[in-house]
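Visitor: Just need the structure, nothing else, for what follows:
(chains A and B)
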Amino acid sequence: MISNEVVELSRLQFALTALYHFLFVPLTLGLSFLLAIMESVYVMSGRQIYKDMTRFWGKLFGINFAMGVTTGITMEFQFGTNWAYYSHYVGDIFGLPLAIEGMMAFFLESTFVGLFFFGWERMSKLQHLFTTWLLALGTSLSALWILIANGWMQHPVGAEFNYQTMRMELTSFSELFFNPVAQVKFVHTVAAGYVTGSMFVLGISAYYLLSNRDVAFARRSFRIASGFGLASVLSVILLGDESGYTVGEVQRAKLATIEAEWETEEAPASFTLFGIPDEENMTTHYAVKIPWLMGIIATRSINQKVDGINTILERKRGRIKSGMIAYENLQRLRQDSNNQVAKAAFEAHKSDLGHGLLLKQYTDKVIDATPEQIETAVRHSIPRVAPMFWTFRGMVFCGVTMLFIFAAAFYFNAKRTAHKQRWLLRLAFYGIPLPWIASELGWVVAEYGRQPWTIANILPTHLSTSTVDAGQLYLSLAGFFVFYTVLLVIEVFLMLKYVRLGPSSLHTGRYHFELEGESHA
Amino acid sequence: MLDFETLRIIWWAILVFLICGFAVMDGFDLGIGMLLPFLGKTDDERRVMLNTIGPTWEGNQTWLVTLGGITFGAWSLVYATLFSGLYTGMLVLLFGLFLRPVGFDYRSKLPSPRWRSAWDWALFAGGTVPAVVLSLAAGNLIIGLPFQIDNDLRSSYSGGFWDLFQPFALLSVVVGVALLCLHGAAFLQWRTEAALAERARQVIFYSALMFVVSFSVAGVWVAFSLDGYHITSVLDTSVIANLLAKTVAKESGLWLANYSNYPLLILAPLLAIMGTGLVVFLSAKRFTGLAFLNSALVVVCVIATAAGSMFPFILPSSTSPISSLTVWDASASQYTLKLLFFATVLLMPIVMAYTVWVYRIMRGKVTVADIQKNQHILY
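Guide: Down below sits the predicted model:
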């Protein structure tokens, strides 16, 4: 049996490294598109300032991109180093999008990123523009494939268990690719990345405007960021992935815990705006509810029910018992693959095998589980309510605040007075951390909300780890901690330095710090 | 059209191809990293070295990332067993790789000599650590790793990090480091000029010598002393065989069995050694581009030698030979292999085409004058 310590340390390491990686990914996604837009304007208008913009924001992009690459390799290694049984059990499906991601997206972005920085003098304007667009395309394609992989973890479709190879095997690529959860997640995540890039450019431009330097440069950057940002933040909110929460049981459990909906309500369900969820008594204190809203958001209808936590737990109980039968017959089949009786019984209960495996945490044999152990497994078959409830609301709060900032920026831009609205500039500047907070919280909602599974209803988290010992994990955690801390300090230091320098860092002789001598003379 | 047996042989070949792609493309980047503090005498010279690979190293490293992804997708059990077994080694490799993207991008962003010198050593480590760990791992693959697969197909590994440092594996490190220094120096001589190119030429000579000697010793070792592995049971190659049902022999010299079945295989090690001589010759005659092409050929031949000797083994197990992962029992399902095959055939030629395009645009020698002219743009 795998020790809980190993499981918890592996989870901690994965969560920390994924959250850390996700400090850089959204900015890469968003900035690469903003660079492509700025350079397109340059090529169409022929005005030098847009080229300077592309190159300056490109410098900041580069500082961030290096960290994204650095921390991204960790993620790919970690499935193998720390989640070896997972890799074996679902590699046939999960590995496929990752392999395609490498060939279709990673090569594209990493081959053209060098050309983006060093190819300015060696290519025609159009060729360079093409390079920048390919770079942006590469980053978004990468998000597409990784979210297809991730979407499958949340809602595993198009695959079946093979008792001879003891793993899940792919049966339909189109189901994998067009997985509704993956599609919604892709739009949501990529748009969130675009929001991050926009907020970054908007906030830093606001800082230049507030300190009254490089105004022409900053105003143009501000304008592009506000338009792109508004469109993106609207996509994130309107196409937010709540609509992906009605397919698949784990997704429904997420929705119920996010909303702290203990009992199934009559359709259309109300939306709990605020409250204090109480896990012990399975109730929410001081709940402020908006009638109908959740039913409409989640089901896009007024007559479908949204499952409450109790309804879900009741189903879990049945599935765990059925999973025990599946497990028992799987063992018989592993002994003798021609045992027809066992085969028939296994086929009948196969879809609940994962629920049977949930019991492995409490008893290695599974079939000898006591009623108490079954009840414990049922109780832990969905995530805890409070973390889901709060992280989700934190994310939405950040999103709505950004919507306000972008809408105001867009409005005052249209009136051509944005640069005079000092309150707005300040808000944009202090709002820079918002998209990062929202992204990190969103990751927690999606991935903590998947617990206790790595693959929803198929493979429990505690079975997924490698057979390593805790000592190795403490060592690697310490290594990550040291490296990531040092690298973050360096990255932030360089980023701040270049942000302060502004476009003067291009050494074109056209910007603030280079003109200072003349203008003050 | 594509039966499972053929498909898996193709997938073994694609795996070898990707390893070659990584070793050829990223190999000279790693080599240049290892040579950086020694060949670059001044800041400008070190910048010349970095900028010969600056615009392209990132794409080159993607071969490694893609290799990981492909192994995950097409050989899941290999990916799981190898990465979890070599846990600490993999993390050391990873920490080494960390230093490269930031090293390249951040090094010249500040003028301070201390800042730059610190990053130069980081880039040195970023070249050396991966070269050493990967060669060490390759040596251990040939020796066999101490792992076991149970009835649930869960792998457990019984060695520790320091057990990787076995004599044959250490010799592999010498082979690997010499080879990558040779390859890196060949690239440098081609893409730089004057004193730097001259120093690169000297490195080519010495690393070629070191490579030929160590590679030959390794060959003799494998032939007369090192345990090889051989499947002794009859396998059904049309399905995914039950891993634990096979029988495997383990004794010295068995890694040469493939050479009697496929005599042409001997060309791989022979070409590796002859090609090295040719690299030295061409480099001395200043046919630097051809010398580099030849060193790429040598890299491919070395990998082909190892892979060809081991086929159909991918990961032999030293402690439980029947747990060894082979082409016949460690692949993905036929459907996944087929899909991934079409994806690879479609995508990799495109990748290689635009890689060539990028190299063409960035072609030509990098000089100290270029660095001084583009202080604020180049790495």
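Visitor: can you confirm residue A:286 is in a strand?
Guide: Yes - applying DSSP: H, G, I helix; E, B strand; the rest coil, one finds residue A:286 inside a strand.
Visitor: quick one, what contacts it?
Guide: Going by C-beta atoms under 8 Å, 6 or more residues apart in numbering or on different chains, residue A:286 touches A:274-276. (Glycine included, C-beta is placed from N, CA and C.)
Visitor: and what of residue B:332?
Guide: Contacts of residue B:332 (C-beta under 8 Å, 6+ apart): A:91-92, A:95-96, A:169, B:73-76, B:340.
Visitor: in chain B, which spans are strands?
Guide: Assignment of strands within chain B using DSSP state E yields the ranges B:147-149, B:155-157, B:227-231, B:248-252, B:313-315, B:325-326.
Visitor: that older thread, could you list which of the contacts of residue B:332 belong to helices?
Guide: Members of the contacts of residue B:332 lying in helices (criterion: DSSP state H): A:91-92, A:95-96, B:73-74, B:76, B:340.
Visitor: so how many other residues sit close to residue A:303?
Guide: 8 (other C-beta atoms under 10 Å in any protein chain shown).
Visitor: right, and the secondary structure at it would be what?
Guide: coil.
Visitor: wait, what's in contact with residue 303?
Guide: Using chain A. So residue A:303 contacts A:267-268 (C-beta under 8 Å, 6+ apart).
Visitor: Oops, wrong one, chain B.
Guide: With C-beta under 8 Å, 6+ apart, residue B:303 has these contacts: B:16, B:19-20, B:23.
Visitor: Would you mind measuring from it to chain A?
Guide: To chain A, residue B:303 is 19 Å away according to C-beta to the nearest C-beta, to the nearest Å.
Visitor: Before we move on, what's the pLDDT of that residue?
Guide: Looking at residue B:303, its pLDDT stands at 97.
Visitor: picking that back up, okay if I get the contacts of residue B:332 as a markdown table plus distance to residue B:217?
Guide: Supplementary listing: those in a markdown table, determined by distance: C-beta to C-beta, whole Å:
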| residue | distance to residue B:217 |
| --- | --- |
| A:91 | 37 |
| A:92 | 41 |
| A:95 | 37 |
| A:96 | 41 |
| A:169 | 44 |
| B:73 | 37 |
| B:74 | 34 |
| B:75 | 30 |
| B:76 | 35 |
| B:340 | 38 |
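Visitor: Show me the two of those that sit farthest apart.
Guide: A:169 and B:75 (14.3 Å; C-beta to C-beta).
Visitor: Quick one: mean pLDDT for the host helix or strand of residue A:193?
Guide: If you go by DSSP states H and E, residue A:193 is part of helix A:180-210. For helix A:180-210, mean pLDDT rounds to 94.
Visitor: chain center to it: distance?
Guide: Per C-alpha atoms, centre = their mean, to the nearest Å, the displacement of helix A:180-210 from the mean C-alpha position of its chain is 13 Å.
Visitor: do the same with stretch A:482-498
Guide: That offset, for stretch A:482-498, works out to 23 Å (C-alpha atoms, centre = their mean).
Visitor: returning to what we had before: residue A:169 and residue B:75 - which one has more neighbours?
Guide: residue B:75 (26 against 20).
Visitor: ok so, going back, which one of the contacts of residue B:303 is nearest chain A?
Guide: Taking C-beta to the nearest C-beta as the measure, residue B:19 is the one of the contacts of residue B:303 closest to chain A, at 14.0 Å.
Visitor: which residues sit in contact with the closest one?
Guide: Neighbours of residue B:19 in contact, by C-beta under 8 Å, 6+ apart: B:67, B:303, B:307.
Visitor: Now with 10 Å, please.
Guide: Listed by C-beta atoms under 10 Å, 6 or more residues apart in numbering or on different chains, the contact set of residue B:19 reads B:63-64, B:67, B:71, B:134, B:138, B:299-300, B:303-304, B:306-307.
Visitor: likewise residue B:24?
Guide: Residue B:24 touches B:60, B:63, B:183, B:295-300, B:303, counting by C-beta under 10 Å, 6+ apart.
Visitor: quick one on the thing from earlier: can you list the contacts of residue B:19 in TSV and add distance to residue A:120?
Guide: TSV is the format used below for the contacts of residue B:19 (distance: C-beta to C-beta, whole Å):
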residue	distance to residue A:120
B:63	26
B:64	28
B:67	32
B:71	37
B:134	35
B:138	40
B:299	32
B:300	34
B:303	37
B:304	40
B:306	42
B:307	41
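Visitor: which of those residues has the most neighbours?
Guide: In the contacts of residue B:19, the most neighbours by other C-beta under 10 Å go to residue B:71, 26 neighbours.
Visitor: Can you give me every residue that contacts the residue in the stretch 401-521 of chain A positioned nearest to chain B?
Guide: Nearest to chain B, among the residues of the stretch 401-521 of chain A, is residue A:466, at 3.6 Å (C-beta to the nearest C-beta). Counting by C-beta under 10 Å, 6+ apart, residue A:466 makes contact with A:2, A:6, A:10, A:78-87, A:472-473, B:80-81, B:83-85, B:87, B:154-157.
Visitor: Could you do residue A:165 as well?
Guide: Residue A:165 touches A:88-89, A:92, B:76-77, B:153, B:239-243, B:329, B:331-333, counting by C-beta under 10 Å, 6+ apart.
Visitor: want to throw the contacts of residue B:303 into TSV with distance to residue A:258 and pLDDT?
Guide: Below are those laid out as TSV (distance: C-beta to C-beta, whole Å; pLDDT from 0 to 100):
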residue	distance to residue A:258	pLDDT
B:16	48	97
B:19	45	97
B:20	49	97
B:23	48	97
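Visitor: now, which of those residues sits nearest residue B:233?
Guide: Checking the contacts of residue B:303 one by one against residue B:233 (C-beta to C-beta), the nearest turns out to be residue B:16, at 24.6 Å.
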